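Asks: Have a look at this prediction, sequence included:
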Amino acid sequence: MTTTSPEATIADARERIDALDDRIIGLIQERMAVSDVVQQTRIASGGRRVSLSREMEILGRYREALGKPGTTLAMTLLELCRGRI
Ligand SMILES: O=C(O)C(=O)C[C@]1(C(=O)O)C=C[C@@H](O)C=C1
């Protein structure tokens, strides 16, 4: 039977975390680009950059899935996507 050392388990798990973080960062960048399309289209048709009702929906989804820290995460994502308000 082969045993895996704690060091090897940690190193392997950290590699997976780094790979997940790379994907998460890529998804955030993709979200920023898609969000920009929505914002620019709304502005070009006479609307405002921000849609508070839509943001409430998004905050609710993240809170439902992840609890209170989910709300904080969603607020950070929204700030990345539309800037500070
Ligand atoms: O869904 C929209 O209407 C968007 O403009 C996208 C988005 C977002 O990044 O999720 C960005 C700004 C708005 O205030 C609300 C949501």
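Replies: On my side now, so go ahead. Residues are numbered from 1 along each chain as shown.

Asks: pLDDT below threshold where in the protein?
Replies: 1 (pLDDT under 70).

Asks: Get me the contact residues on it for the ligand.
Replies: Taking C-beta under 6 Å from any ligand atom as the contact definition, the chain meets the ligand at 35, 38-39, 50-51, 54-55, 58, 78, 81-82. To be clear about C-beta, it is placed using only N, CA and C from the backbone, and glycine gets the same treatment.

Asks: which among those residues end up buried?
Replies: 39, 55, 58, 78, 81-82 (16 or more other C-beta atoms under 10 Å).

Asks: Show me which positions of stretch 70-85 end up buried.
Replies: 70-71, 74, 77-78, 81-82.

Asks: on that earlier part again, among the buried ones among the residues of the chain next to the ligand, which two are most distant?
Replies: Farthest-apart pair in these is 39 and 58; separation 13.7 Å (C-beta to C-beta).

Asks: Strands along the chain, start to end?
Replies: Counting by DSSP state E, one finds no strands in the chain.

Asks: need the longest helix for it.
Replies: helix 6-44 (DSSP state H).

Asks: helices or strands up against that helix?
Replies: Contacts defined by 3 or more C-beta pairs under 8 Å, 6 or more residues apart in numbering; DSSP states H and E place helix 6-44 against helix 68-82.
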